[in-house]
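K.L.:
I'd like to go over a predicted model; first the sequence, then the structure.
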Amino acid sequence: MWWNTFIEYFPDWKIWCQAIATMLIAIGVFIIHKYIFDWGKAKTINRQQKTNEKKTQQISGNYDIDLNNLRNDLAKNGDVNFREFRTGLRGSRAVLIFVEGMQDESQINKHVMRTLMDNKAWSSSDGYLIQSQGDAFTAYLKEKLLSVSKISEVTDLYKLEESILLGFTALLVDGMPHALLVGEPQPKVRSTDEPTSEALLRGPRVGFTEVLGENTALLRQHGQTAHLVLKMVKVGKEIERNLVIAYMDDIVNPELLKEVEDRIANIDIDFVAESGYIEQFIEDDWLSPFQQLQNTERPDRVINALLAGRIGILLDGTPFALIAPVTFSMLLQSPEDYYERWLPSTLLRSLRFFVAFLALMTPAMYISFISFHPGLIPTELAITIIETRQGVPFPSLIEVLILEISIEILREAGIRLPKPIGPAMGIVGGLIIGDAAVQAGIVSPILVISVAVTAISSFAIPMYSAGITLRMLRFAGMLFAAVLGMFGTILFFLFICSHLTKLKSFGVPYVTPITPYRFSDWKDVILRAPIPLMKSRPIMMKTQNKKRKS
Amino acid sequence: MFTRTDDKITTTQTSIFISSSVLGAGILTLPRSVVSAAKTPDVWLSILISGIIVILMAIVMAKLSQKFPDKTIFQYASNIAGKPLAFIISTLLLVYFIMIAGFELRVLAEVTMFFLLEGTPIWAIIIPFIWLSGYLLFGGINAIARLLQIIFPISVLVLIITYLLSLKIFDINQLRPFLGEGLLPVIHGLKSTVLIFSGFEITMFLIGHMQHPEKAIKAVVTGLGIPACIYLFTLIFVIGGLSVDAVLRSTWPTIDLLRSFEISGLFFERLEFPFLVIWTMQMFSNFTCYYYGASLGISQLIKVNIGPVILGLMPFIYLSAMIPQRSNDIFAVGDFIGWSSTVLFMIIPLPLYLIWLIRSKGLKQHV
Amino acid sequence: MFKCLFKLVSTLMICTLLLSACWSSREIEEQSVYVGMALDIANKSERDKQLEAQGGITEVDSLITATLQIVPIKSVKGNQPKEEGGVKKYLNDSETGDSIFEILRKYALKRDRAVIGHHMKVFIISTELLEKIDISTLSDFILRDNDLRPSCMVFLARSKAADALETNQPDEIPAFYIRNMTLNKYRNNEILDGVILTNLDQYIESKQSFILQNIASYQGESEFAGAGIIKGATGKWIGNLTQEDVSSISWVRGEGKGGLLKAVNDNNKIIIYEIKSLKTKIIPKVDGDRMTFQVNINSEGRLIENWDNRVDVSKIDVQTRMEELFEERLATMIQNLMNKLQKEYKVEVAGFGERLKITHPKVWQKVKKDWDEVFSDADVNVTIKLKITDYGSSAE
């Protein structure tokens, strides 16, 4: 008897096929993911090999040979100048080699050439030194004669050439065994204006520039402290650049610091053009749509992050600094939250969370309501929608895709339009295109509203990179909704949440501080607690020094 | 240590884990099954009593697990009862978990197909769900605990708000007379309400993952107290809104309660929509808990990495979800699971605990 | 290299396959929403007879004609140019058949857009039909279907139910305004609380008698006109209560706030009492086989209209006399109601049973099967206390 029931309930072959297919497809995706991930990941390079097999050649000390070598090597460059002169009293030959447009003319003229040419400077009681050669002569020049604050000595010919081409002014004197670099490059810079991409209403109107020296100076200017450490490393093989790792040594967790340093030392590329390269090399998961380092142009953001136990990375040649590690809530925060009082800040922050949700989910919800669940919208709204959607030829997915892609095109175009036209084009274009599309009968008015809401919401997010992420993800949401309706939207939301819970940024889970529940960390997520209550640093950073107050 | 590499979860996460594994498909059918057993509106008392009973059972499990820190039942069962018996016990538990996982999945698919998506084939609903769960499982118990911590408060909040909005059709007279027919119907109701709490057996392997196992009792009490309160509210509001007679005639009374009224003026006029959304998310957490339990068990039993086990278990869960063919079958499986929960308690933690006590006492006497 | 490319391509193809098969996706403008359903005795229209003759739809015995109210009209006729006033915003479409589900599916034979019931607001049954078929049979499909929400309201119709779904006002949809009229309960206590499908479920299961609001209609205008009684044991309609009876029921149940009471004073002029507050207590007393119900009605109100200009309303003794007159009037009304319920129809629909269930649950268990008969033998004593607290802004 039970045998019959067994036969009746034994699943038939179609169900077995579906079961096996479930497993096989999952295995397939898993293997593909692993393969692609490993393929694109930054490989750990063998450190030993990294020490340069660069060519080296000593500067001979013979003036003629060195000068000849230099002239031959630098002959191809038309902007290298050789200023030959003779020193005073001794009459030794000397040459200043520099590149057009990079040196501080008045400093060179006054402090180097004049001093060296001037007989009076050479005559002093140290008469015997005047006749000496070699290192003592170099020492005399460096320590007594040249009143220049930044001087360095170079022994390698190729390093000398690189420095000259970088903008240093080189001094070669007959009798000196090596060369001296007497002038720092003075590149043309812009002023430290407020960055346009992160404008605030209240707060310091200062932004980083492209010169590393100025940026580090801006950081130090925030106040007196001996604990702010700015560690310099070089990155890039062909063209080296300076990179600064900034941290507060009494606050930061030493393991985190080591991890960051290790990853930076692992970077293997010829030229690091922007901090974005660094970000893409040292992040944990390159396949994730969410960024794992924060980039900013504002020094006050960096300094606040340092005081919370995070680490800042500044690169020469770009105003964008990186902050690591980053969590999800940081993407929706703006420093203005801390400068205003707690009540408006809390409300604005909650608005931003709501807005992020809207920017992500609105198109997907539109598709699920219109195509799958007409029973879930209020009756009068349903009737209005039916009336206005008469004559629209496309199913809702295509409709939404048409408008969303148009908005993306508009946005990209708007970035490159000249300044006077840009904002006007954006607004006018949006309104007119939406209206025209409705009149033409391609889309329905309700869709125009929901697309407008989505677009405006994505502009309200303070970090541009986070906005890009949400823009990408909403297309995925639309696809999920188009297949399975509301259920698909829920699956999409759960998929993103699962991805976020698995994501780690330098060891800190991405969804901290929302979970695990640590109430003192919650003072800074949606609610921004009054400043007197924010007594300790975030627990998630595992800092050394827990209390902010005395 | 900056990067946490151990698989430990905090006390709050443990209690939320337990709550999520208990709150599942039962909330939809609870009013009908309980009222049909007792036939009076006093069944909310049954929930309170059965909640206490279940908490006591879970405390036994917690105490047992506390004796073996850092070990799950699949590992320490062999210490107490010997290898072959432990293997049988673990297999029973694993089959139970797979059965519950399939059942919850099937109920989710049925309700979704009934209320949300009518033409979709059932495999299109179940298979993405299994995949998504598997994706989450690869992050380990920490990722699961974090996701549960995100989903759970939202679910409870929306649930309470929708119940409070149902006060519009609430009539306290439906709940009276209080104890009109004495305590006997309440006792009859206990039969169904204890079944609702099935699923708390995951305590047996969860305690081993706790950061502070000494707080296990607190976690278990909170973890089971919250579902008990939620079930209590469900019963009160559903019976008060629908009345005992309508509950008996309704297949999914909780959803019918929410479909019986509309709040005009709110964007979500129809409140079954947020309810179904959070219920789907809650079912996801629920299903993931059991899927994790089953994978963990198998991987610890046959000493294989958990990755391949997660992938390999997918077809079995799918089959377990597709075996019932009619509505009656589904409800029969649900009842069977409830009974197995009580039976399993009788034959696994209780005897193990007693054997352990006897052994340790006996050892002490020897010394 | 080629192996992983192959895997990638095959996964992508599977994804596009999924997209092409969106199974439940149906655009909203391609569906017809119906917001009201009316059931009548089978009455084939001329059109149906002609179609039948051509198409050979053979039926043995048609029992019901169902009429659906479909909105908006644009979804039926497509994009119409705007016409000057007087365009109906809805369409009523009738079909005849045996079972309701079958009738609904018949619409697929004549409409290109499927009818969906997610937004159904009213369900009207004609009393003629309910005499023949019991209500649990008629409403079985409505209660069972997953689309129809249980918040739909149920009404009875004195004449043809399909007439209740007509209106001669442009821009109005009958289903909506019928439903909104139940909200006027605070203005007139002849309106009952809307009975939703959940309540219907409860009545059917408990097999108790109950009343449903009646709608009377004539040439496109409808109004609430009393209530129809449905006997619990059979589920069929057995008679009507007038508007006055409905008002008395609301007094007895204590739900009459906002209503009025009309009486005639000693000089044969009309006086009207507006209810401000109303509290009714029903106290059942069981003594062996004798059952007595003591109904205590307490109300405070306002004298709102007085047709006798020879009487000075601000005097206390005048008010006291008016109170007595009102109390007498109300006592007469309730007596009429009790006669109807106990003697004429032999049903109990005024809430006495619910009270008994709460105060004497064990007795209720014994009598609930034959409650209608038991109630017909019970004694009902009514004590009324009215108080006129003010007389408005006109002091005379």
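P.N.:
Received it, and whenever you're ready, just let me know what you need.

K.L.:
Output the below-cut-off pLDDT ranges for chain B.
P.N.:
For chain B, the stretches with pLDDT under 70 are B:1-6, B:180, B:363-367.

K.L.:
Could you tell me how many residues sit around B:K67?
P.N.:
Residues near B:K67, counting by other C-beta atoms under 10 Å in any protein chain shown, number 17. Any C-beta I mention is one placed from the backbone N, CA and C, and that applies to glycine too.

K.L.:
what's near enough to touch it?
P.N.:
By C-beta atoms under 8 Å, 6 or more residues apart in numbering or on different chains, the residues touching B:K67 are B:76, B:356.

K.L.:
Which residues of the stretch 101-250 of chain C lie near chain A?
P.N.:
Neighbours of chain A within the stretch 101-250 of chain C, by C-beta under 8 Å from any C-beta of the partner chain: C:116, C:118-119, C:121, C:147, C:149.

K.L.:
The residues you listed in strands, which ones?
P.N.:
Among these, DSSP state E puts C:I116 in strands.

K.L.:
buried subset of the residues of the stretch 101-250 of chain C next to chain A?
P.N.:
Neighbour-count burial (16 or more other C-beta atoms under 10 Å in any protein chain shown) applied to those gives C:116, C:118-119, C:121, C:149.

K.L.:
coming back round to it: just the closest of the residues of the stretch 101-250 of chain C next to chain A to chain A, please.
P.N.:
Minimum distance to chain A across those is 2.7 Å, recorded for C:H118 (C-beta to the nearest C-beta).

K.L.:
Now do stretch C:326-341: distance to the chain's middle.
P.N.:
Put simply, stretch C:326-341 sits 24 Å off its chain's centre (C-alpha atoms, centre = their mean, to the nearest Å).

K.L.:
rewinding a little: quick one: which of the buried ones among the residues of the stretch 101-250 of chain C next to chain A is nearest chain B?
P.N.:
Scanning these for proximity to chain B, where the rule is C-beta to the nearest C-beta, the winner is C:R149, at 4.5 Å.

K.L.:
wait, what's in contact with A:V189?
P.N.:
A:209-211, A:214.

K.L.:
swap in C:D48?
P.N.:
Contacts of C:D48 (C-beta under 8 Å, 6+ apart): C:94-96.

K.L.:
quick one: pLDDT of the residue of chain C at minimum distance from chain B?
P.N.:
For chain C and chain B, the shortest gap (C-beta to the nearest C-beta) falls at C:P361, measuring 3.1 Å. Model confidence at C:P361, given as pLDDT, is 82.

K.L.:
count of residues packed around it?
P.N.:
That count, for C:P361 with other C-beta under 10 Å as the rule, works out to 17.

K.L.:
Okay, strands next: where are they in the chain?
P.N.:
As the question left the chain open, I've gone with chain A. According to DSSP E, the strands that chain A contains are A:80-86, A:93-99, A:152-154, A:169-173, A:179-183, A:228-235, A:241-248, A:294-296, A:311-315, A:321-324, A:504-505, A:508-509.

K.L.:
got CSV for those, with distance to chain B, mean pLDDT and mean neighbour count too?
P.N.:
Putting the strands of chain A into CSV (distance: least, C-beta to the nearest C-beta, whole Å; pLDDT from 0 to 100; neighbours: other C-beta atoms under 10 Å in any protein chain shown) gives the following:
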stretch, distance to chain B, mean pLDDT, mean neighbour count
strand A:80-86, 50, 83, 14
strand A:93-99, 46, 84, 21
strand A:152-154, 38, 82, 16
strand A:169-173, 46, 83, 23
strand A:179-183, 41, 80, 24
strand A:228-235, 18, 88, 16
strand A:241-248, 14, 90, 20
strand A:294-296, 19, 89, 24
strand A:311-315, 12, 92, 25
strand A:321-324, 12, 90, 24
strand A:504-505, 8, 84, 22
strand A:508-509, 7, 84, 26
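
K.L.:
Switch the ones you listed over to CSV; also include distance to A:I496.
P.N.:
Listed next are the strands of chain A as CSV, based on distance: least, C-beta to C-beta, whole Å:
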stretch, distance to A:I496
strand A:80-86, 56
strand A:93-99, 52
strand A:152-154, 53
strand A:169-173, 56
strand A:179-183, 54
strand A:228-235, 33
strand A:241-248, 32
strand A:294-296, 19
strand A:311-315, 27
strand A:321-324, 22
strand A:504-505, 16
strand A:508-509, 15
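
K.L.:
For chain C, find the nearest of those.
P.N.:
Nearest to chain C, of all the strands of chain A, is strand A:504-505, at 26.2 Å by C-beta to the nearest C-beta.

K.L.:
so what strands line up beside that closest one?
P.N.:
strand A:508-509 (antiparallel) (DSSP bridges).

K.L.:
contacting residues around the strand it pairs with?
P.N.:
Outside strand A:508-509, the residues that reach it (C-beta under 8 Å, 6+ apart) are A:325, A:327, A:501, A:503, A:515, A:540-541, B:142, B:146.

K.L.:
what about the stretch 1-150 of chain C, any weak spots by pLDDT?
P.N.:
C:1-22, C:56-62, C:74-87.

K.L.:
so of the contacts of C:D48, which ones are in helices?
P.N.:
Within those, no residue falls in helices by DSSP state H.

K.L.:
Just those: which are in strands?
P.N.:
Taking DSSP E as the definition of strands, those contribute C:94-96.

K.L.:
residues near the closest residue to chain C within the stretch 351-500 of chain A, how many?
P.N.:
Nearest to chain C in the stretch 351-500 of chain A, going by C-beta to the nearest C-beta, is A:G375, at a distance of 2.7 Å. Residues near A:G375, counting by other C-beta under 10 Å, number 25.

K.L.:
Skip the chain neighbours and tell me the closest residue to it.
P.N.:
Leaving aside its chain neighbours, A:G375 sits nearest to C:H118 (2.7 Å; criterion: C-beta to C-beta, 6 or more residues apart in numbering or on different chains).

K.L.:
OK, contacts around that neighbour?
P.N.:
By C-beta under 8 Å, 6+ apart, the contact set of C:H118 is A:374-376, C:33, C:147-149.

K.L.:
one more time with 10 Å
P.N.:
Residues in contact with C:H118 (C-beta atoms under 10 Å, 6 or more residues apart in numbering or on different chains) are A:373-377, A:379, A:382, B:270, C:31, C:33-35, C:146-149.

K.L.:
For it, what are phi and psi?
P.N.:
Note on C:H118: its backbone torsions stand at phi -60, psi -20 [degrees, to the nearest 10].

K.L.:
Output stretch C:141-156 as CSV - backbone C-alpha positions only.
P.N.:
Extracted C-alpha coordinates of stretch C:141-156, given in CSV (Å, rounded to 0.1, in the frame of the first residue of the first chain):
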residue,chain,number,x,y,z
PHE,C,141,-16.7,32.1,-5.8
ILE,C,142,-16.4,35.6,-4.5
LEU,C,143,-15.0,34.4,-1.3
ARG,C,144,-12.7,31.8,-2.8
ASP,C,145,-11.1,33.8,-5.6
ASN,C,146,-7.6,35.2,-4.9
ASP,C,147,-8.1,38.4,-6.9
LEU,C,148,-11.2,39.7,-5.2
ARG,C,149,-10.4,41.5,-2.0
PRO,C,150,-12.5,40.7,1.1
SER,C,151,-13.0,44.5,1.6
CYS,C,152,-15.7,44.4,-1.1
MET,C,153,-19.2,45.4,0.2
VAL,C,154,-22.3,43.4,-0.2
PHE,C,155,-25.8,44.9,-0.8
LEU,C,156,-29.2,43.8,-1.8
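
K.L.:
quick one, strands of the stretch 251-396 of chain C?
P.N.:
With strands called from DSSP state E, counting those that start in this stretch, the stretch 251-396 of chain C shows them at C:260-264, C:270-287, C:290-306, C:379-390.
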